[in-house]
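K.L.:
mind folding the following:
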Amino acid sequence: MIEFRNAQPSDALRCFEIETAAYEGDEAATLEKISKRIEIYSQGFLILELEGMIVGFVNCGCAHEVEMSDEEFKELVGHDPDAPNVVIMSVVVDPTQQGKGLSRALMDEFVQRMRRMNKVTIHLMCKDHHVPLYEKFGYRYLQPSTSDHGGMDWHEMSMSL
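P.N.:
The predicted structure follows:
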């Protein structure tokens, strides 16, 4: 059974475990960053539980002006919870649970919650091989990103709500 809820400080370690298992090298957020994101904006940190265990999450911040390559924003520098634009920092499902439609369920729930919060757009960066997946979820491709986060190439995408 799938359940969704906002993150609590006690979830940080499990989220860090999933993040480091799913992302390559330096692209994974540190435990400190994950803890800070939960502390500062738990309303934008959605947990997916399967049979009572955390198996995925998405987290974000909000901004009036979106600059996807702004590394400081990943630490919520400049975040304004009342801003209309959502910037996703992590979308992750435990690698042992992938292929079960959980990322679709997670993203659908996240989008619904952002609509209820009267947000206007959602922005994200992804690697090349994830572009088609996010297009299926309703995001539109914008451009290659100037970000070199984790020493990798990224692509910027957005969704109007």
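
K.L.:
which residues in this protein form strands?
P.N.:
Secondary structure of the chain (DSSP state E): strands located at 2-6, 45-50, 53-63, 85-93, 121-126, 140-144, 155-160.

K.L.:
from the contact counts, what lies against the first one?
P.N.:
What it means is strand 2-6. strand 45-50, helix 102-116 (3 or more C-beta pairs under 8 Å, 6 or more residues apart in numbering; DSSP states H and E). To be clear about C-beta, it is placed using only N, CA and C from the backbone, and glycine gets the same treatment.

K.L.:
now the strands of the chain as JSON lines including mean neighbour count?
P.N.:
JSON lines is the format used below for the strands of the chain (neighbours: other C-beta atoms under 10 Å):
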{"stretch": "strand 2-6", "mean neighbour count": "14"}
{"stretch": "strand 45-50", "mean neighbour count": "21"}
{"stretch": "strand 53-63", "mean neighbour count": "22"}
{"stretch": "strand 85-93", "mean neighbour count": "23"}
{"stretch": "strand 121-126", "mean neighbour count": "21"}
{"stretch": "strand 140-144", "mean neighbour count": "12"}
{"stretch": "strand 155-160", "mean neighbour count": "18"}
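
K.L.:
hang on, the earlier thing: from the helices and strands packed on strand 2-6, which stretch is densest packed?
P.N.:
strand 45-50 (a mean of 21; mean count of other C-beta atoms under 10 Å).

K.L.:
from residue 107, how far out is residue 139?
P.N.:
Going from residue 139 to residue 107 by C-beta to C-beta, to the nearest Å gives 9 Å.

K.L.:
wait, I meant residue 79
P.N.:
21 Å.

K.L.:
got it, and residue 127?
P.N.:
16 Å.

K.L.:
now swap in residue 161 and tell me
P.N.:
13 Å.

K.L.:
residue 128 touches residue 153, doesn't it?
P.N.:
Yes: between residue 128 and residue 153 there is a contact under C-beta atoms under 8 Å: 6.7 Å.

K.L.:
which residues touch the spatially most central residue of the chain?
P.N.:
For the chain, the residue nearest the mean C-alpha position is residue 90 (3.1 Å; C-alpha atoms, centre = their mean). With contacts defined as C-beta atoms under 8 Å, 6 or more residues apart in numbering, the neighbours of residue 90 are 19, 23, 29, 57-59.
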